[in-house]
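A.B. asks: One predicted model, sequence on top.
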Amino acid sequence: MSPEASAKGTVPFGEYRTWYRVTGELGAGRPAVVAVHGGPGSTHDYLLPLARLAEDGWPVVHYDQLGNGGSTHLPHKEPGFWTVELFEAELANLIQRLGIADDYVLFGQSWGGPLCARHAMTAPPGLRGLVVANAPASYPLWLEEMARLRAALPPGVEDTLRRHEAAGTYDSEEYLAAMRVFYDRHVCRVTPWPRDFLSSFMEIYNDPTVYYAMNGPNEFHVIGSLKDWSIVGDLHRVRTPTLLISGRHDEATPAVVQPYHDEIPGARWEIFEESSHLPHLEEPERFRAVLTDFLKSL
Ligand SMILES: N=C(O)[C@@H]1CCCN1
């Protein structure tokens with residue numbers, strides 16, 4: 001079980017609200033670790049195990065990005081409303097509003113990885129460290145790797161996926177069953193799925209506004225506004241001590257993560273051999289040791 005929150009609430013973000021929770025005590029000596037979830041359009045729930053860092057003195061901030069979870073939902077917004085810049089502004093706003101701008105670390109998982117990298121490129125003086133976990137740097141490269149992983153699925157699965165994608169029948173039982181084959185291999189190898197992951201998974205589809213607008217119906221069929229987006233070639237601007245994390249069986253394959261290692265000076269990369277997209281849930285003890293070791297090095 002993750003430790004109880006020491007505070008919960010929302011901060012104003014323009015006319016909207018961003019929901020957050022804090023575990024531990026902000027400003028008590030160690031930098032706050034801000035957990036930035038993926039999707040976009042997911043929620044903080046599947047990252048809740050990071051709250052245990054507070055037991056070792058690092059306060060942890062979780063938040064739900066605009067459009068889902070405890071933050072303002074906007075199901076009637078045009079797809080073009082949901083932009084990278086919007087979520088960059090929301091993250092900067094949260095950091096300022098919580099009073100942690102002088103001393104914080106970012107932990108960005110999946111989509112949260114490039115979002116945090118973009119934040120780090122602005123060289124905020126209080127950013128002490130950056131963790132980019134299971135993250136794309138280029139969506140075109142992501143899609144190349146998705147094609148390769150799909151082709152390696154058991155016989156018939158890829159054909160089923162293609163047939164329903166051509167028909168747009170993403171909610172058919174047959175498509176969902178084929179999708180689950182991919183997810184059990186490359187998203188979460190723990191079965192049954194941990195409760196925290198299931199919570200975020202269900203939240204995505206309870207309000208798929210953001211996920212569908214920017215990503216698409218699932219992890220491997222990315223047809224949303226991010227499908228051509230890339231920060232490859234800009235990552236050299238990250239000058240923050242950086243830890244890269246990915247799983248050997250991760251949908252964020254080594255090829256997907258490689259640009260971060262190539263471009264961010266001194267970036268350290270840990271690959272979790274028994275994990276896919278969620279090492280913090282698939283190898284929790286090793287994950288905690290690797291992350292704590294990095295935080296202590298800052
Ligand atoms: N869940 C996520 O954030 C991933 C990133 C690339 C496709 N979806």
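C.D. replies: Good, I have the coordinates. Since the structure is predicted, the reported quantities are computational estimates derived from the model, not experimental observations.

A.B. asks: what about the strands in the stretch 1-150 of the chain?
C.D. replies: In the stretch 1-150 of the chain, the segments counted as strands under DSSP state E, counting those that start in this stretch are 7-13, 16-23, 32-36, 60-64, 104-109, 127-133.

A.B. asks: can you list those strands in JSON lines and add mean neighbour count, distance to the ligand and mean pLDDT?
C.D. replies: Where you see a C-beta, it was placed from the backbone N, CA and C, and this is true even at glycine. Rendered in JSON lines, the data for the strands of the stretch 1-150 of the chain read as follows (neighbours: other C-beta atoms under 10 Å; distance: least, C-beta to the nearest ligand atom, whole Å; pLDDT from 0 to 100):
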{"stretch": "strand 7-13", "mean neighbour count": "15", "distance to the ligand": "20", "mean pLDDT": "97"}
{"stretch": "strand 16-23", "mean neighbour count": "21", "distance to the ligand": "18", "mean pLDDT": "98"}
{"stretch": "strand 32-36", "mean neighbour count": "27", "distance to the ligand": "10", "mean pLDDT": "98"}
{"stretch": "strand 60-64", "mean neighbour count": "26", "distance to the ligand": "14", "mean pLDDT": "98"}
{"stretch": "strand 104-109", "mean neighbour count": "26", "distance to the ligand": "7", "mean pLDDT": "99"}
{"stretch": "strand 127-133", "mean neighbour count": "26", "distance to the ligand": "10", "mean pLDDT": "98"}
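
A.B. asks: Next, the buried residues of stretch 214-225.
C.D. replies: Neighbour counts using 16 or more other C-beta atoms under 10 Å place 214, 215, 216, 217, 218, 219, 220, 221, 222, 224, 225 of stretch 214-225 among the buried residues.

A.B. asks: Please apply the same query to stretch 27-44.
C.D. replies: Residues of stretch 27-44 classed as buried under the neighbour-count rule (16+ other C-beta under 10 Å) are 30-44.

A.B. asks: and the two most separated of those residues?
C.D. replies: Based on C-beta to C-beta, the longest span within the buried residues of stretch 27-44 runs between 30 and 41 and measures 30.8 Å.

A.B. asks: Using JSON lines, lay out the buried residues of stretch 214-225 together with secondary structure and distance to residue 108.
C.D. replies: As requested, the buried residues of stretch 214-225 are arranged in JSON lines below (DSSP: H, G, I helix; E, B strand; the rest coil; distance: C-beta to C-beta, whole Å):
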{"residue": "214", "secondary structure": "helix", "distance to residue 108": "15"}
{"residue": "215", "secondary structure": "helix", "distance to residue 108": "15"}
{"residue": "216", "secondary structure": "coil", "distance to residue 108": "20"}
{"residue": "217", "secondary structure": "coil", "distance to residue 108": "23"}
{"residue": "218", "secondary structure": "coil", "distance to residue 108": "20"}
{"residue": "219", "secondary structure": "coil", "distance to residue 108": "16"}
{"residue": "220", "secondary structure": "coil", "distance to residue 108": "20"}
{"residue": "221", "secondary structure": "coil", "distance to residue 108": "23"}
{"residue": "222", "secondary structure": "coil", "distance to residue 108": "18"}
{"residue": "224", "secondary structure": "coil", "distance to residue 108": "19"}
{"residue": "225", "secondary structure": "coil", "distance to residue 108": "19"}
